[in-house]
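J.: Provided below for reference: sequence and predicted model.
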Amino acid sequence: VAWYSPAGGTGKTTLALAMATVGAKAGLSTLYLNLEDVDSAKGILGKAGERVSRQMAVLGREDARADRKVRAGIRTVPEGGFDYLPGVEHYVAYGAMTGRDVESLLEQVRNLEVYDLVIVDLASGFTDKTEEVLRRADQILVPVLMEETSIGKLQCFLRETGMTGKEQDPFVPKMGIILN
């Protein structure tokens, strides 16, 4: 499940973390993956281990080291009962990541074959990284505040990505809007 919003401050991270907690409490093996340019969950989830940015150095390699690196970075939130993979250390590290890096990371997580539910918390911008996650997601949840700026940014996003035209982008059918 990908959580995305073109507007900041919509409650996306809070809702994604709540979903992770509910999923874990329902008995699903759950992973929360923060792919924001600024790891806003860091303050909530506490000190992290290896961050996504440090793992990118080995993810392109097809060896057991990449698998071990991803496993080593995963932490458990005892209160929520879910696992999480911390986001980048610094926004510069996020900028250095590519869509291919994200694709490799998601493939490594899939190869773990441990999780029933993977929740990806995305940055508000629309980049090749965002597009890669949205295309791979089974479901996309988009929180929107009932105020002009948030609604306007969503409308602009839909227009600019061609999602309001007759030929819909492949991720439109799996997108759900949440009025928050």
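T.: Yep, it's here.

J.: neighbours of Gly152, how many?
T.: Look at Gly152: counted by other C-beta atoms under 10 Å, it has 12 neighbours. In short, each C-beta sits where N, CA and C put it, glycine included.

J.: how far off centre is stretch 105-125?
T.: Taking C-alpha atoms, centre = their mean, to the nearest Å, one finds stretch 105-125 lying 7 Å from the centre of the chain it belongs to.

J.: how far does it stretch from start to finish?
T.: Distances were taken as C-alpha to C-alpha, to the nearest Å; on that basis the terminal residues of stretch 105-125 are 19 Å apart.

J.: what comes up buried for that stretch?
T.: Within stretch 105-125, the residues scored as buried using 16 or more other C-beta atoms under 10 Å are 105-106, 108-109, 115, 117-124.

J.: and after the lowest-mean-pLDDT helix or strand in the chain, which helix or strand comes next?
T.: For the chain, counting by mean pLDDT, DSSP states H and E, helix 52-59 ranks last in confidence among helices and strands (a mean of 49). Following the chain from helix 52-59 toward its C-terminal end, the next helix or strand by DSSP states H and E is helix 64-73.

J.: the helix or strand where Leu31 lies: how far from the chain's middle?
T.: Secondary-structure assignment from DSSP H and E places Leu31 in strand 30-35. On the basis of C-alpha atoms, centre = their mean, strand 30-35 is displaced by 6 Å from the centre of the chain it belongs to.

J.: run through the bridge partners of the spatially most central residue of the chain.
T.: Most central residue of the chain, judged by C-alpha distance to the mean C-alpha position with C-alpha atoms, centre = their mean, is Val120 at 2.3 Å. Taking DSSP bridges as the rule, Val120 bridges to Ala2, Leu33.

J.: what packs against the strand holding Leu31?
T.: Judged by 3 or more C-beta pairs under 8 Å, 6 or more residues apart in numbering; DSSP states H and E, the packing partners of strand 30-35 are helix 12-25, helix 52-59, strand 82-85, helix 99-112, strand 117-122.
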